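*Asks:* Starting from these lines, generate the structure:
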Amino acid sequence: MTTTGAKPIGAQDETSAANAVRHMFNSIAPRYDLLNHVLSANVDRLWWRRTARRFRAILANPNAAVLDICCGTGDMTMALLKHRPRHARPILAADFARAMLTRGARKFAGRGAVALEADALHLPLRPQSMDLIVSAFGFRNLANYEAGLGEFHRVLKPGGQLAILDFSEPGGLIGKAYAIYFRRVLPAIGRLICGPVSTDKEGPYNYLPSSVGKFPPPPAMLEMMRAAGYVDCAWQPYTFGIAGLYSAARPLH
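*Replies:* Have a look, this model is predicted:
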């Protein structure tokens, strides 16, 4: 069966999958930033900055409407803000995990962004209202990828840009070495840093490599984006393909 979205162990449908993901991220929110930086050796900071630079022309427009969806604790938001002029229209930083969003709001408070508790599949935004939508390491956790792409398409203006930064599975020897780290070492480090925050069979540290393994590979993801009505769909690998940036646009007409 083709994977339509994230499905943590025990989830029976999209609603239960979304609830499980929300609970999972709320549970690890206090140590989420530390965990990310340790597990990536701070390379994640470079990925956020590179993504933000890619869209600096849009960000430089003070009137541009920008949404950072699945913003987590706000690191992508902070990277985007570095390219915003003073007194620009605030960036919307949205997430449905309240504990994560609360920590993000503390980072960007007074810096030109506002927090919005919202589900990526049901955005409380008007159609054709956004110039740029960015999602960093959150799209993979949606309960329905096609629905997510459709919802983003709905709120993007004609010509608006979409950016999805997420993990992938590199090939070759690097891929084999990374697979060992990702599936064996990473969960152990996660438990050491954050402790046993979950009592289910999977838990947040095993969920991460599992979710990446189930996420569509770049060719399939790009085809999904085209089918959702996007144009200029592209994927740019980061750090040997460990992560990558999907970019696309809503057509002008």
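*Asks:* dump the residue contacts of residue 122.
*Replies:* Residue 122 makes contact with residue 151 under the criterion CB atoms under 8 Å, 6 or more residues apart in numbering. Just so you know, the C-beta spots here come from the backbone N, C-alpha and C atoms, and that holds for glycine as well.
*Asks:* For residue 7, see how far away it is.
*Replies:* Computed as CB to CB, to the nearest Å, the residue 122 to residue 7 distance reads 19 Å.
*Asks:* is it fair to say residue 116 lies in a strand?
*Replies:* Yes: applying DSSP: H, G, I helix; E, B strand; the rest coil, one finds residue 116 inside a strand.
*Asks:* Find the nearest non-adjacent residue to it, please.
*Replies:* Using CB to CB, 6 or more residues apart in numbering and skipping residues adjacent in sequence, the residue nearest residue 116 is residue 94, 4.1 Å away.
*Asks:* How confident was the prediction at the one you found?
*Replies:* Note on residue 94: pLDDT of 98.
*Asks:* How far off centre is the helix or strand it falls within?
*Replies:* Secondary structure assignment for residue 94, by DSSP states H and E: strand 91-95. Distance of strand 91-95 from its chain centroid, counting by CA atoms, centre = their mean, to the nearest Å, is 12 Å.
*Asks:* so after the top helix by length along the chain, what's the next helix or strand?
*Replies:* Ranked by number of residues, the top helix in the chain under DSSP state H is helix 14-28. As assigned by DSSP H and E, the chain's next helix or strand after helix 14-28 is helix 32-40.
*Asks:* could I get that next one in PDB with only the CA atoms?
*Replies:* Taking Å, rounded to 0.1, in the frame of the first residue of the first chain, the C-alpha atoms of helix 32-40 are listed here in PDB:
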ATOM      1  CA  TYR A  32      14.000  19.000  21.300                       C
ATOM      2  CA  ASP A  33      16.600  21.700  20.500                       C
ATOM      3  CA  LEU A  34      19.400  20.000  22.300                       C
ATOM      4  CA  LEU A  35      18.500  16.700  20.700                       C
ATOM      5  CA  ASN A  36      18.500  18.200  17.200                       C
ATOM      6  CA  HIS A  37      21.800  19.900  17.500                       C
ATOM      7  CA  VAL A  38      23.600  16.900  19.100                       C
ATOM      8  CA  LEU A  39      22.200  14.400  16.600                       C
ATOM      9  CA  SER A  40      23.100  16.500  13.600                       C
END
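*Asks:* List the buried residues in it.
*Replies:* Residues 32-33, 35-36, 39-40 are the ones in helix 32-40 that count as buried (16 or more other CB atoms under 10 Å).
*Asks:* Stretch 163-181 too?
*Replies:* Buried residues in stretch 163-181, counting neighbours by 16+ other CB under 10 Å, are found at 163-170, 178.
*Asks:* Likewise for stretch 18-28?
*Replies:* Neighbour-count burial for stretch 18-28 [16+ other CB under 10 Å]: 18, 20-22, 24-28.
*Asks:* same question, stretch 95-102
*Replies:* Neighbour-count burial for stretch 95-102 [16+ other CB under 10 Å]: 95-97, 99-102.
*Asks:* Also stretch 71-88?
*Replies:* For stretch 71-88, a neighbour-count test (16+ other CB under 10 Å) marks 71-81, 83-84, 88 as buried.
*Asks:* Would you check which pair of the buried residues of stretch 18-28 lies furthest apart?
*Replies:* Checked with CB to CB, these reach their widest spread between 18 and 28, with 16.6 Å between them.
*Asks:* By mean pLDDT, which helix or strand of the chain comes out lowest?
*Replies:* Here the helix or strand of the chain ranked lowest by mean pLDDT, DSSP states H and E is helix 186-194, holding a mean of 69.
*Asks:* packing partners for the helix or strand immediately after that helix in the chain?
*Replies:* Next helix or strand after helix 186-194 toward the C-terminus (DSSP H and E): helix 203-214. If contacts are counted by 3 or more CB pairs under 8 Å, 6 or more residues apart in numbering; DSSP states H and E, helix 203-214 sits against helix 14-28, helix 186-194.
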